[in-house]
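Q: Below are the sequence and a predicted model; questions follow.
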Amino acid sequence: MVHFYRDVSGFGLFSGLDTPAAHADFTFGEPVSLKSVIPVFHPDYDIIECISDVGLEMYIVSFRPEGQSCRDIWLLRHAAKDEDWGPPENIEPAVDSPKNDSFPCVSADGLVLFFNPERPAAFLSTT
C-alpha cells in the first residue's frame, strides 16, 4: 500500500513497512513553463492546488496583491480542455476571508469544496 502525505514542502509519499517500493515505468517529456500553457498563471504568486475531476476548473492558492489576505483561493475555468483558461476569479466572499485560506480540493462531483481555513473556532461553529 502506498500512502501520500502533504506538508509545507509539498507532496511526498511513503509506503508501509510490509509493502514493496512502488516503481514507475514511463518517461517524462521535455519540461514546459506553466506560463506557456496557462497564460493567466503567475509563477511568482500562484500555486496549483486542485484540478476538477473533468479538468475544466483549477483551484489555486495565490499570493496576488489584489486578494483579501496573504493567501486566497482563486478559481480558473475553461469551457473545454483544448481552450485557454479564463482569468482567475477570487472566490470571495463565499469562501475567502481576511485570514489565510489554503489547500482547496473539490469533490469528484464538483459540488463540495474542501479547504483549510485559518479562522477562529467560533467562526466555524454551526450552532
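A: Noted; the coordinates are in hand.

Q: How is the residue nearest the centre of the chain assigned, secondary-structure-wise?
A: Geometric centre of the chain, nearest residue: residue 49, 1.4 Å, by CA atoms, centre = their mean. Assigned state for residue 49: strand (three-state reduction, DSSP: H, G, I helix; E, B strand; the rest coil).

Q: Look up how far residue 66 lies from it.
A: With distances taken as CB to CB, to the nearest Å, residue 49 is found 19 Å from residue 66. C-beta: built from backbone N, CA, C; applies to glycine.

Q: now swap in residue 52 and tell me
A: On the measure of CB to CB, residue 52 and residue 66 end up 24 Å apart.

Q: more crowded one of these two?
A: Set residue 52 next to residue 66 and count neighbours by other CB atoms under 10 Å: residue 52 wins out with 16 against 9.

Q: Spit out the contact partners of the more buried one.
A: 58-59, 106, 110 (CB atoms under 8 Å, 6 or more residues apart in numbering).

Q: ok, so of those residues, who is nearest residue 97?
A: Nearest to residue 97 among the contacts of residue 52 is residue 59, at 16.1 Å by CB to CB.

Q: Identify the residues contacting that closest one.
A: Counting by CB under 8 Å, 6+ apart, residue 59 has contacts 48-52, 73-76, 104-106, 113.

Q: All set, thanks.
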